[in-house]
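1. Sharing a sequence plus its predicted fold:
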Amino acid sequence: MDNLWEELSDISILKLVKWGAIMAMVFGGVVPFIPQYREIKRTDDAEGFSLFVCLTLLIANTLRILFWFGKRYELPLLIQSIIMNITMLIMVNLCVTVKNRNQIIRGRERVFTDPGTRDPRPSHSKQLRADHNFLDFDTKYFWAWTDFISYVDFLIVFTIVTSFFMYLFVEISFFVELIGFLALFAEALLGAPQLLRNYQHKSTEGMSVAMVMMWTMGDTFKTCYFLLREAPLQFWVCGALQVCIDLFILLQVQLYRLSPGVRRTRNMPD
């Protein structure tokens, strides 16, 4: 009992604050996506959320994980990146499942291993089918695949390719720093896909405002921290860019609330 009391008395306020900060650092990035996840589940509609947000974070955090092998940084940041990638895959899986379930007429199947659209009608010639897929290749279908495994396949391929280059050039300081900067810059563009999606539809319907508000608070805190800690220029510049994008999205919420948005056709086949 005395030993237990000694251990408890050794826990200072400073240590509690430190542990709290570490937990906030590890899970803080995940929390803003909880309202969006619940919104999609509640409405059974994923059209209001841009999947390119997930792509941005998957690329940013994969690069950050690779950066750790070239230049070791705090372990909680590494764990945060791993957890964020898992969270983004969960969000992608939910969105793909909801979109497929809501299709009234089954459209053309799109998968990562076949960038062209698959014609649901059987072909009498393998060569004709191959030519058809080649001619139908369209970059607009990137990250708009109809099965979840395609997104996992892309992440695996991206990880393998970038890992190969990191293995070759891990001793080159410039390359390692470049990977770190690209990870930071990609994360700074987190809200850009959502901003673009809102602009194209002239509506923020289906987007969780709570998610964006949490982005704004977190990015503002992070940018102030970088300034106070006199972090390198690219850190607080990228942080400030994130805050600006967040504020523009919140401005869109007000603008499109006052003006009618573009009525979108839900899950119609291409």
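-> Nice, thanks for sending it over.

2. Residue 100: neighbouring residues, count only.
-> 14 (other CB atoms under 10 Å). C-betas here are computed from N, CA, C, even on glycine.

3. can you give me the helices for the stretch 51-200 of the chain?
-> 51-70, 75-102, 126-135, 148-169, 173-188, 192-201 (DSSP state H, counting those that start in this stretch).

4. where's the residue positioned nearest the centre of the chain relative to residue 149, distance?
-> When CA atoms, centre = their mean is applied to the chain, the residue found nearest the centroid is residue 54 (2.5 Å). Between residue 54 and residue 149 the computed distance is 15 Å (CB to CB, to the nearest Å).

5. just residue 180 next, same as before
-> In terms of CB to CB, residue 180 sits 30 Å off from residue 149.

6. likewise residue 215?
-> 29 Å.

7. the more surrounded of the two?
-> Between residue 215 and residue 149, counting by other CB under 10 Å, residue 215 is the more crowded of the two (23 against 13).

8. so that one sits right up against residue 35, yeah?
-> No - the pair residue 215 / residue 35 is not scored as a contact, 10.9 Å apart, by CB atoms under 8 Å.

9. in the stretch 51-200 of the chain, what spans have low per-residue confidence?
-> Counting by pLDDT under 70, the stretch 51-200 of the chain contains low-confidence residues at 105-107, 114-140.

10. which SS class is residue 203?
-> On the three-state scheme (DSSP: H, G, I helix; E, B strand; the rest coil), residue 203 is labelled coil.

11. Output whichever strand or helix holds residue 34 in CSV with nothing but the alpha carbons.
-> Per DSSP states H and E, residue 34 falls inside helix 33-43. Provided in CSV are the C-alpha atoms of helix 33-43 (Å, rounded to 0.1, in the frame of the first residue of the first chain):
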residue,chain,number,x,y,z
PHE,A,33,-13.9,12.7,-38.5
ILE,A,34,-16.3,11.2,-35.9
PRO,A,35,-19.1,13.8,-36.6
GLN,A,36,-18.7,13.2,-40.4
TYR,A,37,-18.8,9.4,-39.9
ARG,A,38,-22.0,9.7,-37.8
GLU,A,39,-23.5,12.1,-40.4
ILE,A,40,-23.0,9.7,-43.2
LYS,A,41,-24.4,6.8,-41.1
ARG,A,42,-27.4,8.9,-40.1
THR,A,43,-28.3,10.2,-43.5
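
12. re the thing from before, and the helices of the stretch 51-200 of the chain, which is most packed in?
-> Ranked by mean neighbour count, the helices of the stretch 51-200 of the chain are led by helix 51-70 with a mean of 21 (mean count of other CB atoms under 10 Å).

13. The residue nearest to the centre of the chain and residue 91: what is the separation?
-> Residue 54 is 5 Å from residue 91, by CB to CB.

14. Quick check: mean pLDDT of the helix holding residue 34?
-> For helix 33-43, mean pLDDT is 93.

15. Which positions within it qualify as buried?
-> 33, 35, 36, 37, 39, 40 (16 or more other CB atoms under 10 Å).

16. which SS state does residue 217 fall under?
-> Strictly by three-state DSSP, residue 217 counts as helix.

17. Tell me how far it lies from residue 27.
-> Distance from residue 217 to residue 27, by CB to CB: 15 Å.

18. cool, residue 195 as well?
-> 25 Å.

19. Ok, residue 250 next?
-> In terms of CB to CB, residue 250 sits 23 Å off from residue 27.

20. about what we covered before: surely the residue nearest to the centre of the chain touches residue 92?
-> Yes - using CB under 8 Å, residue 54 is in contact with residue 92, at 5.1 Å.

21. Since that was my last question, I'll sign off now.
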